[in-house]
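Enquirer: no FASTA, just this:
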Ligand SMILES: [Zn+2]
């Protein structure tokens, strides 16, 4: 189960990462009880389709105390200070493993996806916010407390806008380059260019989401393309810091925003090539997630399968 800031994606996953049954839920604005109820009901739905489920892995958008399975703090879901693993295990009657959602995604991409074979890799998941995970020396790196990898909260603009959600920061990368930022930038672009296809969508009463911006960009709308190009540059500025700090072999971009593909990534690569310290910039690869927006779900399943074997 990959529990994101606005949606849940789950599935029954085999040991070879085949997905047999998927489940989707949306929970914008749900409180803690509703959120947990939606999670439990989604797990029960997939168990109905596959009664042989042995364990449940959760990727959650929280700072996670991995050893205790606790959600310590959460920017986008009302699940802070919660013994998530024990609560779910008790309710479901199954072994449960809980990790940060982007850690789970990084694990899946490292084991079987776009970072396979790399000893040093970073994953950024662009969705409601920006999740991050990293593989250092071939292992998932969680930091002193389990809180490492929050690249979305690197400050790239000291006087920038307040970070959405519960983050006390300003000008975080997440403000400038998340999937939600696509929608915010798209809204501004639509207001400025009411005659563009994007502008007409807004005039027709549609909410300008990241998905609409991406769809119109792929169909050739210049306004939508320039939104993605601009966000690609901002993303690139964040990646410059990551490249200089960690010298990874590969940076994998995942989450829903991966649908933008090279319309986003080309400019990010360009900014890294121009601004990161040259020897590291020349070697790093910046690639889309092999599993698209399903890396987190697959990684959560991998963690659960390993937990059962251990
Ligand atoms: Zn922040």
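Expert: In hand now; what should we look at? Computed from a prediction, not measured in an experiment: that's the story for all the values here.

Enquirer: you'd agree residue 200 is up against residue 194?
Expert: Yes - when contacts are counted by CB atoms under 8 Å, residue 200 is listed as touching residue 194 (7.4 Å). (Each C-beta comes from the backbone N, C-alpha and C, glycine too.)

Enquirer: please say which of the two ends up with more neighbours.
Expert: Neighbour comparison, residue 200 and residue 194: the larger count goes to residue 200, with 14 against 11 (by other CB atoms under 10 Å).

Enquirer: on the three-state scheme, the more buried one is what?
Expert: Assigned by DSSP: H, G, I helix; E, B strand; the rest coil, the conformation of residue 200 is helix.

Enquirer: any idea what sits nearest the one residue in the stretch 1-150 of the chain that gets nearest to the ion, other than its immediate chain neighbours?
Expert: Relative to the ion, the nearest point of the stretch 1-150 of the chain is residue 75 (7.2 Å; CB to the ion). Using CB to CB, 6 or more residues apart in numbering and skipping the chain neighbours, the partner closest in space to residue 75 is residue 165 (3.9 Å).

Enquirer: give me the pLDDT for the one you found.
Expert: For residue 165, the model assigns a pLDDT of 85.

Enquirer: residues contacting it?
Expert: 5, 75-76, 129 (CB atoms under 8 Å, 6 or more residues apart in numbering).

Enquirer: how about it, phi and psi?
Expert: Main-chain torsions, residue 165, degrees, to the nearest 10: phi 80, psi -150.

Enquirer: same question for residue 160.
Expert: Taking degrees, to the nearest 10 as the convention, residue 160 sits at phi -70, psi -180.

Enquirer: then residue 234?
Expert: According to degrees, to the nearest 10, residue 234 has phi -60, psi -40.

Enquirer: compute the first-to-last residue distance for stretch 159-168.
Expert: 13 Å (CA to CA, to the nearest Å).

Enquirer: residue 132 falls within a strand, correct?
Expert: Yes - under three-state DSSP, residue 132 sits within a strand.

Enquirer: for it, give me its contacts.
Expert: 102, 106, 122-125, 149-152.

Enquirer: biggest separation within the residues you listed, which pair?
Expert: Using CB to CB, the two most remote members of the contacts of residue 132 are 106 and 152, lying 13.5 Å apart.

Enquirer: low-confidence ranges in the stretch 1-150 of the chain?
Expert: Nowhere does the stretch 1-150 of the chain drop to pLDDT under 70.

Enquirer: give me the neighbour count for residue 15.
Expert: Neighbour tally, residue 15, other CB under 10 Å: 11.

Enquirer: does it really touch residue 304, like I thought?
Expert: No - the criterion here is CB under 8 Å, and residue 15 misses it with residue 304 at 10.6 Å.

Enquirer: give me every residue in the protein lying close to the ion.
Expert: Counting by CB under 5 Å from the ion, the chain comes close to the ion at 153, 163, 167, 169, 172.

Enquirer: change it to 8 Å
Expert: 75, 129, 152-153, 155, 163-165, 167-170, 172-175 (CB under 8 Å from the ion).

Enquirer: can I have the buried ones of those as a PyMOL selection?
Expert: This is the PyMOL syntax for the buried subset of these, where burial follows 16 or more other CB atoms under 10 Å:
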select buried, resi 75+129+152+153+155+163+164+165+167+172+173+174+175
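
Enquirer: which ones are touching residue 102?
Expert: Contacts of residue 102 (CB under 8 Å, 6+ apart): 59, 123-125, 131-133, 149, 296.

Enquirer: whoops, I mixed them up, residue 153
Expert: Residues in contact with residue 153 (CB under 8 Å, 6+ apart) are 163, 167, 169, 172-174.
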